[in-house]
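A.B. asks: just coords:
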DNA sequence: CCCTCACTTCGACGGCCGCCGAAACGTCCG
DNA sequence: CGGACGTTTCGGCGGCCGTCGAAGTGAGGG
């Protein structure tokens, strides 16, 4: 209530009140509050695979009642983090968009488990050890994502400054594979950097990352394993990655993380 | 009941029901929880000015008791978002670092007031209308920050791909002003893009942004107005910006936003 | 040495929120 | 049409948390 009066004050004059308008923190708090619950946070992390899940699936995945997850979904949808599609007696939800996915990713990184010292940062992307392949919302992640990104950088198809930028030759490379990166979709950048939890290294996201992931799945380079985010690189995928990017994808790709 | 039994099942075995370990959302929730309170969020937004505030100042700024703010500071410090320095009977707190500032900025943008249609995006950076100058953690923001960024881009000192990158000539330009950008401080990028609330346009942050802001304040280009984030461009600053960047900084800089 | 002041601790109040089981609602299917 | 199933609503329980005033702690200053 003290809070209320203060806000009325500052709220009406916009942001330009005298010495201490103290920009209202409630919108921020409302957004943060959506993720401030362990169950809701888990739901969002599960949805980072970029696909739509039904309410029941999510309930089982995070270990709560359908009733509980239902109310959580209400909040997440109302808060704009999730989008829903009702189909018959099913309620499908997915992340509202790349923005929401990015937000959750960012927070996850900051909240990350106490910065555990990594064994060998380099060896993780060194070919044989690249077991962990998966998707992150709509692009490739895990060791596979990092390795592909490294390969793109090495071949001059991608450039790293602050984030990533697709070079001219890179655009041509994508075009050769039937991916037109020029068409802008909303405000989404062509390339952007995404830091994931397991690798702690940036990998390619943005329109280019999404296109590459779609292509990888569509042309049989990778296939989903189980019902989650895990991927497996197929034989044709190994060939394609070797030919197109000079990557040496070991045979260890059969075991993937995140499933059993 | 089928559902029920399955849920008990999942509940007791932790969250590791077969197909999905369903990464634990609690770390994320804990971090989000820090900002999920209106008062704590307000405190963090106030601290975005990059300076250290005492507990009492913050209490007055956000309109709560000293006792209340004290407990909030405990949590924010424990959560790693704030750093504190005890000096005599004062407790100074500031944001823990650029990471924390960036996190709060990002969330603020997402939580931003319903995407209000901007009047004229371009005119806002057009010289005479650049009244709103301020700092954002440790770099220039507001219309001034955007205008300076635009000028840097126009002169080829900065390049925009996904984010920002300082060009070679840009590094030399900074060096001429006595700023050595080569020294890496931690993992902070040389240049990065920061999107602030008021302009809704990216401006220069990162090491280069911080160096420029420090230089602007140190060499008298700008001076703080009041006790908050607002800045005023001085006469010498106008000259310098005109000479070095060809900027036409109107005389309207005397009125600034955020103070009176 | 005492008074002031900034801050912290304590206790208590109140409210909000996540959780569940049970029951209701719709849809799909046989 | 009736039964199964996914989802939602409802009621109620329990716990956590933000808030304050009052008392306590400790540093500064006269």
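C.D. replies: That came in fine, so what should we check first? Please read these numbers as outputs of a predicted model, since none were measured by experiment.
A.B. asks: Now do the contacts for residue A:95.
C.D. replies: A:44, A:47, A:48, A:50, A:81, A:82, A:83, A:101, A:104, A:137 (CB atoms under 8 Å, 6 or more residues apart in numbering or on different chains). Glycine gets a C-beta too; all of them are placed from N, C-alpha and C.
A.B. asks: Quick check on these: which are buried?
C.D. replies: A:44, A:47, A:48, A:50, A:81, A:82, A:101, A:104, A:137 (16 or more other CB atoms under 10 Å in any protein chain shown).
A.B. asks: Tell me which two of those sit farthest apart.
C.D. replies: Pairwise distances among the buried ones among the contacts of residue A:95 were taken by CB to CB; the largest, 14.0 Å, belongs to A:50 and A:81.
A.B. asks: and after the host helix or strand of residue A:69, which helix or strand comes next?
C.D. replies: Using DSSP states H and E, the element containing residue A:69 is helix A:66-78. Later in the chain than helix A:66-78, the nearest helix or strand by DSSP H and E is strand A:82-87.
A.B. asks: I'd like the average pLDDT over that following strand.
C.D. replies: The pLDDT scores in strand A:82-87 average 94.
A.B. asks: What is it packed up against?
C.D. replies: Using 3 or more CB pairs under 8 Å, 6 or more residues apart in numbering or on different chains; DSSP states H and E, the elements in contact with strand A:82-87 are helix A:66-78, strand A:90-95.
A.B. asks: looking at these, which is buried most?
C.D. replies: A comparison of those by mean neighbour count, using mean count of other CB atoms under 10 Å in any protein chain shown, puts strand A:90-95 on top with a mean of 19.
A.B. asks: Residue A:165: what secondary structure?
C.D. replies: Remark: residue A:165 carries the secondary structure label strand [criterion: DSSP: H, G, I helix; E, B strand; the rest coil].
A.B. asks: show me the contacts for the residue lying closest to it once chain neighbours are set aside.
C.D. replies: In space, and not counting its chain neighbours, residue A:165 is closest to residue B:161: 3.3 Å by CB to CB, 6 or more residues apart in numbering or on different chains. Taking CB under 8 Å, 6+ apart, we find residue B:161 in contact with A:159, A:161, A:162, A:163, A:164, A:165, A:191.
A.B. asks: any weak-confidence spans in chain A?
C.D. replies: By pLDDT under 70, the weakly predicted segments of chain A are A:1-22, A:113-132, A:185-186, A:196-200, A:226-228, A:250-260.
A.B. asks: can you list the residues of the stretch 1-150 of chain A near DNA strand D?
C.D. replies: Proximity of the stretch 1-150 of chain A to DNA strand D, by CB under 7 Å from any atom of the strand, involves residues A:2-3, A:54-57, A:59, A:66-67, A:70-71, A:73-74, A:89-91.
A.B. asks: now, the most widely separated pair of these?
C.D. replies: Once CB to CB is applied, these give A:2 and A:89 as the farthest pair, at 46.7 Å.
A.B. asks: check which helix or strand covers residue A:217.
C.D. replies: Following DSSP H and E, the helix or strand that holds residue A:217 is helix A:206-218.
A.B. asks: where does chain A come near DNA strand C, residue by residue?
C.D. replies: So far as CB under 7 Å from any atom of the strand goes, chain A lies against DNA strand C at A:33, A:37-40, A:64-65, A:67-68, A:71-72, A:75, A:87-89.
A.B. asks: Tell me how far the closest residue to DNA strand D within chain A lies from residue A:79.
C.D. replies: Closest approach between chain A and DNA strand D, counting by CB to the nearest atom of the strand: residue A:56, at 2.4 Å. As judged by CB to CB, to the nearest Å, residue A:56 and residue A:79 stand 21 Å apart.
A.B. asks: can you redo the helices and strands packed on strand A:82-87 as a markdown table with distance to residue A:211?
C.D. replies: Shown next, in a markdown table, are the helices and strands packed on strand A:82-87 (distance: least, CB to CB, whole Å):
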| stretch | distance to residue A:211 |
| --- | --- |
| helix A:66-78 | 27 |
| strand A:90-95 | 18 |
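A.B. asks: Just want to check the distance between residue A:56 and residue A:70.
C.D. replies: From residue A:56 over to residue A:70 the distance is 10 Å, taken as CB to CB.
A.B. asks: Would you map the strands across chain A?
C.D. replies: In chain A, the strands defined using DSSP state E lie at A:53-54, A:82-87, A:90-95, A:133-136, A:139-141, A:158-160, A:164-166, A:192-195, A:202-205, A:222-224, A:231-233.
A.B. asks: Would you mind pulling up the elements that the shortest one packs against?
C.D. replies: Yep, that's strand A:53-54 we're talking about. By 3+ CB pairs under 8 Å, 6+ apart, strand A:53-54 packs against strand A:90-95.
A.B. asks: Give me the sheet partners of the strand it packs on and which way each runs.
C.D. replies: Using DSSP bridges, the strands paired with strand A:90-95 are strand A:53-54 (antiparallel), strand A:82-87 (antiparallel).
A.B. asks: can you list the domain ranges for chain A.
C.D. replies: Per automatic domain parsing, the domain ranges recorded for chain A read A:25-112, A:115-254.
A.B. asks: Now tabulate those in a markdown table and tack on distance to residue B:23.
C.D. replies: Listed next are those as a markdown table, based on distance: least, CB to CB, whole Å:
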| stretch | distance to residue B:23 |
| --- | --- |
| domain A:25-112 | 5 |
| domain A:115-254 | 8 |
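A.B. asks: so which of the ones you listed gets nearest residue B:239?
C.D. replies: Nearest of the domains of chain A to residue B:239, taken as CB to CB: domain A:115-254 at 30.5 Å.
A.B. asks: if we can go back for a sec, what's the residue nearest to residue A:165 sitting at in phi/psi?
C.D. replies: phi -120, psi -100 (degrees, to the nearest 10).
A.B. asks: Okay, it and residue A:146: tell me how far apart.
C.D. replies: Between residue B:161 and residue A:146 the distance is 20 Å, computed by CB to CB.
A.B. asks: Ok, residue A:249 next?
C.D. replies: The gap separating residue A:249 from residue A:146 is 13 Å, by CB to CB.
A.B. asks: do the same with residue A:152
C.D. replies: 11 Å.
A.B. asks: Between the two, point out the one with more neighbours.
C.D. replies: Shown here are residue A:152 and residue A:146; by other CB atoms under 10 Å in any protein chain shown, residue A:152 has more neighbours (27 against 23).
A.B. asks: still on that earlier bit, want to try CSV for the strands of chain A, with distance to residue B:27 as columns?
C.D. replies: Formatted as CSV, the strands of chain A follow (distance: least, CB to CB, whole Å):
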stretch, distance to residue B:27
strand A:53-54, 21
strand A:82-87, 20
strand A:90-95, 19
strand A:133-136, 17
strand A:139-141, 18
strand A:158-160, 28
strand A:164-166, 27
strand A:192-195, 15
strand A:202-205, 20
strand A:222-224, 26
strand A:231-233, 24
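A.B. asks: Mean neighbour count, those strands: which tops it?
C.D. replies: Comparing the strands of chain A by mean neighbour count (mean count of other CB under 10 Å), strand A:139-141 ranks first with a mean of 29.
A.B. asks: Determine the set of other helices and strands touching it.
C.D. replies: Strand A:139-141 packs on strand A:133-136, strand A:202-205, helix A:206-218, going by 3+ CB pairs under 8 Å, 6+ apart.
A.B. asks: can you list contacts of that strand?
C.D. replies: Contacts of strand A:139-141 (CB under 8 Å, 6+ apart): A:133-135, A:145, A:148, A:194, A:196, A:198-199, A:203-206, A:209-210, A:212-213, A:216, A:222, A:229, A:231.
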